[in-house]
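Colleague: Here is a sequence with its predicted model. Questions after.
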Amino acid sequence: QDLHRLAEIATLDPQGAFRVVERSLTKEWAYVQRVYDRGPEPWTRLDESFRTVFLPALLGCSPAEALTDLDYDVLFSPARCGGLGFALPSKAATEAARASHETMAHLSRAIRGHHPFSYSAHADTMAQGRRAHRNRMKAARDALLERVDSANSHTGERMTAHIKRATQRLTHEDVTVPRCLQVAPVPERGFRLSRLEFRDGLALRYGFEATNLPAACPCGFAPFTTRHGMSCKVGGWQTHRHDELRDLFAELAGKAGYTNMAPEPVVQPSGWTMVDGHHVWQGLKKADLVIPALFEPGEETLLDFRVTDTDASSSAQDVLCHLKRGEKEKRDHLESACRTLGASFSPFVVSAAECSLGPAARAVTERLAIKLATNWGSNHGVARSWLHVRLAMAVIRGSSLCLRGRRYHWNREGLHAWAWHHTRGSFLPAG
């Protein structure tokens, strides 16, 4: 009954309902599973409610294609396995009871009068039980990822292609994924998402088709799909997402104590120049942000941002390769010009789905997190996680606007003809 009521709430506030399930409801049944060992059978009805009621309420609709058992095993798994952050009750029941019995073995035998209670023996038993539990959870994670890797092969299980790709992206060893689903939705901290933003974030995370999209795009593409919305430049929403990430990073750098920052610094002015004895026209080149003394005192660091869709048909199969390719393109474009100015250059490339950071972006974020932790007197890991989630929330909002924002086509709206008619006299001779 509680789950069905939360599913009703999820139709209006999916982020809040998910937070209640992930932080409260799962802890309630985990306590029952540790105390009363009844196996997985009593929890199968709750599993079915999660699959058929709560998950569609989170997404806004039932998935367009039938999900397999392996799909559900991935979706309802810990975040380190690429899941939502919790397992289905029947999947967790046996391990919860076993871990409870192992950690409380000495205490339970002492209560029954089998031997006197010893605090040191109890502590040792708890440590051994927790260690064994962690080892079993790691083995279960490895087994799940092996099932994902072998899925859709001759010997593997069936799995939806977009969920398999999402799982491999979210569990990549060399890519850090922010825990956006596990944060408290507090507006003052910038962690609150609207109903559509949260659902769009889930759709982009796992490759589902977003709900309630326009029937067609002003550019002429029909039907309007999630992948097209992430790539279409009509309306300028990709630029808006890029600028929002840049402005937020500049704001956070200001909180860390960096000063004299400037947006869109000119790296190379336009004009004619001599190259090998020939006059060559060089176009204008700009970076997105300059931060003095980011890595070295007295040295300016120029940043250039890019939000890239790692699930696009043109992207590399490996998410890290795709992010590195974006960094290489940025370096080829601006790095030599920055060196001419005596400044360093760092490309800031992130994924559009969950703000996974490229290697250079991770180094910049790490530097900023160290500065924030020093200023706040807090743990470095906490500051780094907070910073990453703040950036991820901005990217999710911007990606949602790429899907939801209204698009205009100048020619079809008549704006191009109006602008030509009303501005022609300002730059063309009469007649």
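Modeller: On my side now, so go ahead.

Colleague: Do a quick rundown of the strands in the stretch 201-350 of the chain.
Modeller: 262-263, 266-268, 271-275, 278-282, 285-286, 289-292, 300-308, 344-351 (DSSP state E, counting those that start in this stretch).

Colleague: Minimum distance to residue 144: which of these has it?
Modeller: When those are compared by CB to CB, strand 344-351 sits nearest residue 144, at 22.3 Å. Quick note: C-beta positions are derived from backbone N, CA and C, even for glycine.

Colleague: thinking again about what came up before, looking at the strands of the stretch 201-350 of the chain, which one is packed in the most?
Modeller: strand 344-351 (a mean of 24; mean count of other CB atoms under 10 Å).

Colleague: And it, what does it pack against?
Modeller: Contact partners of strand 344-351 among helices and strands, from 3 or more CB pairs under 8 Å, 6 or more residues apart in numbering; DSSP states H and E: strand 300-308, helix 319-340, helix 359-376, helix 380-404.

Colleague: quick revisit: I'd like the strands of the stretch 201-350 of the chain laid out as JSON lines, including mean pLDDT.
Modeller: Formatted as JSON lines, these follow (pLDDT from 0 to 100):
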{"stretch": "strand 262-263", "mean pLDDT": "89"}
{"stretch": "strand 266-268", "mean pLDDT": "87"}
{"stretch": "strand 271-275", "mean pLDDT": "70"}
{"stretch": "strand 278-282", "mean pLDDT": "71"}
{"stretch": "strand 285-286", "mean pLDDT": "88"}
{"stretch": "strand 289-292", "mean pLDDT": "92"}
{"stretch": "strand 300-308", "mean pLDDT": "93"}
{"stretch": "strand 344-351", "mean pLDDT": "94"}
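
Colleague: so which of those strands comes closest to residue 19?
Modeller: Ranking these by their distance to residue 19 (criterion: CB to CB) puts strand 344-351 first, at 23.6 Å.

Colleague: just checking, residue 294 touches residue 365?
Modeller: No - if you go by CB atoms under 8 Å, residue 294 and residue 365 don't touch, sitting 11.2 Å apart.

Colleague: So for those two, which residues contact both of them?
Modeller: Residues touching both residue 294 and residue 365 by CB atoms under 8 Å, 6 or more residues apart in numbering: none at all.

Colleague: picking up where we left off before, residue 182 is nearest to which of the helices and strands packed on strand 344-351?
Modeller: Using CB to CB, those put helix 380-404 closest to residue 182, at 8.9 Å.

Colleague: helix/strand/coil for residue 378?
Modeller: coil (DSSP: H, G, I helix; E, B strand; the rest coil).

Colleague: what's the burial count for it?
Modeller: By other CB atoms under 10 Å, 12 other residues sit near residue 378.

Colleague: How much space separates residue 134 from residue 167?
Modeller: Distance, residue 134 to residue 167, by CB to CB, to the nearest Å: 21 Å.

Colleague: who has more neighbours, those two?
Modeller: residue 167 (27 against 11).

Colleague: Identify the single longest helix in this structure, thanks.
Modeller: If you go by DSSP state H, the chain has its longest helix at helix 119-149.

Colleague: Quick one, grab the pLDDT at the nearest residue to residue 402 once chain neighbours are set aside.
Modeller: The shortest distance from residue 402 to any non-neighbouring residue, by CB to CB, 6 or more residues apart in numbering, is to residue 237 (4.5 Å). You'll see residue 237 listed with a pLDDT of 88.

Colleague: With that, I have no additional questions.
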